[in-house]
Each structure stands twice: as structure tokens, then as C-alpha cells.
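Student: Turn this into a structure:
(chains A and B)
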2 protein chains.
Amino acid sequence: MSRVFYFIKPIEIKRKKLNLRILVNCVTINKTIMPNISEKGKRMPASPIRKLVPYAEAAKKRGIKVYHLNIGQPDIETPEIALNAVRNFSSKVVEYSHSAGILSYREKLVDYYKKNNIHITADDIIIGAGASEAILFAMNSCMDPGDEIIIPEPFYANYNSFAINAGVNVVPIPSSIETGFALPPIADFEKVITPKTKAIIICNPNNPTGYLYSKEELNILKELVIKYDLFLFADEVYREFCYDGKKHFSVMHLEGLENHVVLIDSVSKRYSACGVRIGAMISKNKELMATAIKFAQARLSPPTFGQVAAEAAIDTPPSYFEKVIKEYIARRDVVVKSLNKIEGAYCPNPSGAFYVVAQLPIDDSDRFCQWLLEDFSFKNQTVMFAPATGFYATKGKGKNEVRISYVLNVEDLKNSMICLEEALKVYPGKI
Amino acid sequence: MSRVFYFIKPIEIKRKKLNLRILVNCVTINKTIMPNISEKGKRMPASPIRKLVPYAEAAKKRGIKVYHLNIGQPDIETPEIALNAVRNFSSKVVEYSHSAGILSYREKLVDYYKKNNIHITADDIIIGAGASEAILFAMNSCMDPGDEIIIPEPFYANYNSFAINAGVNVVPIPSSIETGFALPPIADFEKVITPKTKAIIICNPNNPTGYLYSKEELNILKELVIKYDLFLFADEVYREFCYDGKKHFSVMHLEGLENHVVLIDSVSKRYSACGVRIGAMISKNKELMATAIKFAQARLSPPTFGQVAAEAAIDTPPSYFEKVIKEYIARRDVVVKSLNKIEGAYCPNPSGAFYVVAQLPIDDSDRFCQWLLEDFSFKNQTVMFAPATGFYATKGKGKNEVRISYVLNVEDLKNSMICLEEALKVYPGKI
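Tutor: Residues are numbered from 1 along each chain as shown, chains lettered A, B, ... in the order given. Now for the predicted structure:
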């Protein structure tokens, strides 16, 4: 937006509002001649997970070690079998795949789901560039601008962004830290259903809360979905990460809901392979899939290398998951126990995923998380969380909560929790 | 959509139009209980490039060899240097990258563009999952639902799909086979500009026509863009493929247009690496890039393996391109000469990309292309084209035109053209 000298010609200012500051006699002006960006773009929120990154980078430049508990990027190794498949890629040309994904991969996924008691065919699957693209396919295929989607909050922050992208309005229903973020009462859903309501989305096990929905809760949702003829989107990317002997119950296990259910999946967390960008949209609703494939065709195909890795990853031995789950349980226990020992803090003990939402004795989680990076260190270390405000659609909610991803090893997590405890002793906005 | 027996309860049919066929006394009904898909989804066109694939598959099952000239999937080998980079991937975890793309890759791209006399910084680049995602970022950041984008037609069919995705209206301007699909007269643009017009998009060299826009044509667009304060999107993914000694002139070479120009790029065609899904949105407009990065953050990151391949590919030696360009010129010459020898057919001799739009003596290109796969073979071979109708937004246009991708070797192309000539002798809809 440099300063330019410009002679005003009426035709050029007729059409648009220009940001003009007229100096003398309309001859030289300090102006920005450029088209406006979109209102949609203005409404897009900055990522609550990534918006504090510049502060973290500045802290590191000052020589401070930052524990990254803000993002769901696990330190767990990607299975060798997946990496080797890519290392052994032998084609001479990296070609487009089928728009719905490589057929052999989709066929192998059918087996994977069968083991999870989910019975589908390769035609019920469209591979996306991560769950992100799969959600966009689902929203765009099911919903028009102005339609409404109900989401129990706090929820995965990017649902907001995908909804804005698709022109869809998010209608939040509060879930509460007191119940461990269980499914809100069904009456709360019914209160907000309008003729514009088209879908409900849940994440199970939940990001950001770690809550694992029960079979009973899903059956309640089933009744609701049938009663009001809604789509039920279920983001089950943390399916493998269920703890304390609890079993995952999928929306795909709900009978009679074949035309309503859309399963959103991803290999990012399952195989600690976030960078492959491979997810899936799965539904038995033929009309819906025939629509979604048109969105998939427009962008030609999902990433080939990622699909090669993901296909091979399906053969990851069960021992890999046993080890990983044991590790996550140990990590969760450190985080939850440490948090609950801190005066004024509270954290439920969730049964899935690798996140918790913790309540802290603070005035403003955005201010606190920034302060941790900008103004605090303990033994030259600090910790980075995601302010929970970004996981709520209701303004003002989550101000005394942070989301913590337990994606570092137990030692690092212990140090992080010590940092937090020390920080709360000196944070000027403590309440 | 199975037949179900259903007891009507008033509350369940109050809200939605259901497809009900009442049989006797409202007790058993043949109905489809399912939520409606979106109007947006209904408007999405099937890909003109891919919609005939089932007919091609059926032909192959009958033992017929199908020459695939319908899709821009080159048979050229991906540079070894790119494949080896992926084969040597040594990280233990396939992590998310920066939402804008791996920094070292963006920095290396800066050098690549410098060699093309395009001067940008790493901050001016957001890596997308192909040019497809980059175009969606650009549209969503610049335009709101109901806004208009002008596109000279015929144009890359998926611009239509991306526009529908973003709720944007495509306003086509006809270009003509008589001029080889040169830029339409500027008066044609001005005629359709309204207060809703936000952008123009061009593809240079052009897909589907192969036309290479001149410096003079781009300067005419520059005047227009400034006069009406519009964004100018330029899809330059075929930059390297310019023939007959002609040089590519980029929109990035236009001075004084820094805030208006958005460059769309991709490595798919450049390195014959369509499956890596790596493209880029590039602009010097800071406000625009600050907006676009929010869309990029929402989907976390572009594919990591693809970026590794694309970064290494920048070191592809010039000899690779010399060889490839020589090959494409030989192919184009075969196709153009063969076409112009066919009675009633006409094809301009374009200077770029690897497509031509040819006029054929046929009644309906959709019918003809399907007939080629369903009902025709010559020496047990047939050929697959993309009907040009899918590359026009104006209904009825392109009915006597097909798009031909010359992505096969000279021998296969010669055989394809013989097939075409023979087909036209017997096609029942010949005119």
C-alpha cells in the first residue's frame, strides 16, 4: 500500500469506494488502489492453534525452550511400513489417481473398517486431502449458504472455518466441563432446530475435550436425526485412541441411519502421519456420494504419495497401537493429575483422543497463553497452549479454559506442568 | 432408497417435503426418508474430462484399446531428482508443514521465479494442494457469493466448479476458433462488467485451447483491471510449454498491478507430477495473503511428500525441458496436421500447453465422444476426447468441438488421428 500520486479520473472512482485522503485540490492523494477482499475472508477466524506461533518463535529466538502443547502434532513415529512404501515408490510418473482415491487403497480400507465392525464398499468412500477436505465435501454436498449446522461446543476450531467457507451457519450447543463435556441434553438441540437446520456434527472421541461418546448418547442422536431428517456428520479420526477399556462406538454402527450418516476420517493421527494429508468422506447415501464426487473431480485427485503411505499403513501391526495407547494413557495421567493438583485448576479425565480442556484460574486464556510466550519463563522454559476461546462459537466462552494436547513425552509433559504451575503463581491476571 | 414401511407421525413430516407415495390408508408408504442434498451440489457439473470414464472402462473390458486424449495426464517421466527426494525421505514422523508450505520450498521457489523474471518473496506464496486448492483460496479470499468473475471461453472446465463451490457467478466472454482463441476484444469485457464484477481469470498458455497470450494482450487486460479495480487471476501452470520460439509473458511482469494480480501455479504439468498435488497461490497484495492464509490454516497444511518432491524438482536440469518441449512440439504437429487434413475439421496451431480445441463435422460432441467409446472401433482401437461443451459456460457452445490433450507419444497420436478419421466416416451424426 505504497503512497502513489494519482490524477483522479471520474470513471475510475465511480464504481468502488476507494480509500482516498485528498491533500490539496484533488491532485495528489494518498490512496490504496486495490480491489476489496471478500467479506467471507474477513469473517474467517485465525487458527487458535496457530495464531500464537509468532510469539513462540520470538521466545525461541530469546533462547527459551517452548513445550508445544498447542497443536495435535504427535511426536509418535509414523509406522515404518508406511514410510517404506513411499521410499519404494517405483512408478516413473507420479500420476493423478482416481478422484475418489486409488481403488486398491479404498478396497483395503473396506477391510480396515470391517475389522471395526463397519461394513461398507469401496464406492462408499471418497478420499480427501485430510479430514479437512472431506468435511468440505460433506458440507458443500449437504448444505447451502444460510443453512445451519448444530455443534456441541467446545468443538474443533476449524469446523467454524469450514462452515464459513461453505457459507453455513454454526449453531453451538453448550457442553459443560462439569459433566466432562458429555453430549448436551437433547432438549438443548431441539430448542435450536429450525427449518434451516441441515446437519449435526460431532467429533468422537472429541477434539478438544477428549470425551468419548457412549452408545447410548449416539442412540439419542439417532432419534433426533430421524425425527428432524438431518445429516449426522461424525469426525472419528481418533477412533483408535480410547482408554480405560472403553470401546469406540461409531455412527456407522447405528442401524437405519444409512442415508443420514457421513463418517469423516483421517490417517493423520491414527498413524502419526499428519503430513500425508489423507482423509475420507464415507457414506452409504448414494445420492450424496454422487454429489460429493463432483466436488472431488473438480480438484482432480487426492495426493498420490500420501495414499501409497496410507494404504501400506493399514498393515501396521496391533502391537504398534498397543504401545501408542499405553503411551498416551501415561501422558494423559500426568497431565490430568498435575492439573488437578494446581489450586484453582480443574480437568476432567477423558477417555479418548489426546487432548484435554482444562479450567484455569485466569482472566483471559488468550491473554494468558500469549503472556506465557512473551513474558514468562521458568528455568528458561515455557509452555504453549491453545486458548479455549477459539473452540467455542459463543462469544465469551472458554476464557478460563485452555486446550492441552498431550503430544510430548512424559518427561516433557511433567516439565510443562511445572511451568504452568509456576506461571500461575506470577501471572498478573490470576483470579 | 429402499422401500420401507413407515407409520406417519405428523411431527415427522411437518418439517420437510418428503417423497411419499401413499398406498392404502396412509399406513404403508414407499418413501425415501433422507435429508436433501444441497442446491450447490446439484449445480456442480460432472467433469467433462472424467464423465465418460465408465464408457472407456466398458470399451476396455470388451478388449478395445482406448487412446486417452481426454485428460491432461502426460506420459512424460517425472524427473528422477524429484522421485529420489521422496525415496530418501528420512524423517521418522510425517509431520504437518507450515500452512503456507515448507519454508525451504517457498524460498527455493523464489529462485525459480527469479529465473523467470518474477520477483517475489517467500511470504508472497501459499502452497496449495494443486492449483485447484490455490484457485479456491483466491476465489474465497477475493469474492463473496453472488460476485462475478469474467472468463474468456472456452476455459478450463473446473473454473466452473470452483466458482459454484465459492458461490461465485461465471460470466463468459466468447473467444473464437477463427482467431485461434485470442483474447476477446476489450469491448466484450466492458459490456459485461457490473458492480458485482470482482475478477477476471485467464489461463496462459491456455487450457483447453493452447493459446499463448501476448504481452500486448496482457497490457490490454492491465488497463481494464485498473480501470475497474478488479482482481486478475492468472493460471500459468503451463508456463514452460511455449513453442515456436515464443516467450511466456507473465501477469507478474505487469508493473503497477501488484495489488490486483494473483498468480496460480502448479508443478503437476511442469514436472509431469500431477499426483503430488502441489500448487501455489502467489500475490504481492499483503491484505489478500493475510486473508488467504486463514483458509490455508483451516486445512492445516499442504501434502508433505509432494512438497519434498516439488522442492527437489526445482533443480531439474534445463535439458529435461528441452527434450520435453521438443517432444510436445512433435506431438502437436502430428495432431494439428492430421486434424486439418480431415474433411470438415479445423484446428488452429497453438503456441503453448499440450491441448488443442478442434472443430469437427459433428452434431454433438458429447454424443460423438460417447459413441467413439460405445459403438466404434477401428482395428480394435478407439480414441477418447473431452467434449468441448464442458469448457463453455454458454449453453450450446462447443457442440462441434472437442478438446484433445496430446499427452501420448507420436505413434499413439498418429493411430488416434487415424481412428478419428475413420470414425468420422461412419459416425451417424456427421454433418
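Student: Every contact and neighbour count from this point should use C-alpha atoms.
Tutor: Will do.
Student: For A:D111, see how far away the closest residue to chain B within the stretch 301-431 of chain A is.
Tutor: Relative to chain B, the nearest point of the stretch 301-431 of chain A is A:T304 (4.9 Å; C-alpha to the nearest C-alpha). Taking C-alpha to C-alpha, to the nearest Å as the measure, A:T304 falls 20 Å from A:D111.
Student: So the two - more neighbours on which side?
Tutor: Taking neighbours as other C-alpha atoms under 10 Å in any protein chain shown, A:T304 and A:D111 compare with A:T304 leading, 27 against 17.
Student: Apart from its chain neighbours, what residue comes closest to that one?
Tutor: B:G275 (4.9 Å; C-alpha to C-alpha, 6 or more residues apart in numbering or on different chains).
Student: Run a quick check on that neighbour versus B:S268, I expect a contact.
Tutor: Yes - the pair B:G275 / B:S268 is scored as a contact, 7.1 Å apart, by C-alpha atoms under 8 Å.
Student: interface residues of the stretch 51-200 of chain A facing chain B?
Tutor: A:73, A:75-78, A:86-89, A:92-97, A:129-130, A:132-133, A:140-144, A:158, A:161-162, A:165-166, A:195, A:198 (C-alpha under 8 Å from any C-alpha of the partner chain).
Student: rerun at 7 Å
Tutor: A:73, A:77-78, A:86-89, A:92-97, A:132, A:140-144, A:158, A:161, A:195 (C-alpha under 7 Å from any C-alpha of the partner chain).
Student: What subset of the residues you listed is buried?
Tutor: Buried residues within those, counting neighbours by 16 or more other C-alpha atoms under 10 Å in any protein chain shown: A:73, A:77-78, A:86-87, A:89, A:93-97, A:132, A:140-144, A:158, A:161.
Student: can you confirm A:A234 is in a strand?
Tutor: Yes - membership of A:A234 in a strand is supported by DSSP: H, G, I helix; E, B strand; the rest coil.
Student: If it is in a bridge, with which residues?
Tutor: A:A234 has these beta-bridge partners by DSSP bridges: A:I202, A:L263.
Student: got a pLDDT number for it?
Tutor: A:A234 is assigned 98 on the pLDDT scale.
Student: and it, what is it in contact with?
Tutor: A:A234 sits next to A:201-204, A:251, A:262-264 when contact means C-alpha atoms under 7 Å, 6 or more residues apart in numbering or on different chains.
Student: just curious, which of those residues is nearest to chain B?
Tutor: A:V262 (11.9 Å).
Student: What distance do you get for the closest one to B:C142?
Tutor: According to C-alpha to C-alpha, A:V262 stands 31 Å off from B:C142.
Student: Kindly report the same for A:E236.
Tutor: Counting by C-alpha to C-alpha, the gap from A:E236 to B:C142 is 33 Å.
Student: did I read that right, A:A358 in a strand?
Tutor: Yes - A:A358: assigned to a strand according to three-state DSSP.
Student: give me the beta-bridge partners of it?
Tutor: With DSSP bridges as the rule, A:A358 is bridged to A:V402.
Student: I figured A:K92 hits B:E80, correct?
Tutor: No - A:K92 sits out of contact with B:E80 when judged by C-alpha atoms under 7 Å, with a separation of 8.2 Å.
Student: Quickly list the domain ranges of chain A.
Tutor: A:10-36, A:42-76+A:319-426, A:80-313 (automatic domain parsing).
Student: Comparing the ones you listed, which yields the minimum mean pLDDT?
Tutor: domain A:10-36 (a mean of 46).
Student: what sits against the closest residue to A:N409 other than its chain neighbours?
Tutor: Using C-alpha to C-alpha, 6+ apart and skipping the chain neighbours, the partner closest in space to A:N409 is A:R331 (7.0 Å). With contact set as C-alpha under 7 Å, 6+ apart, A:R331 has these partners: A:406, A:409-410.
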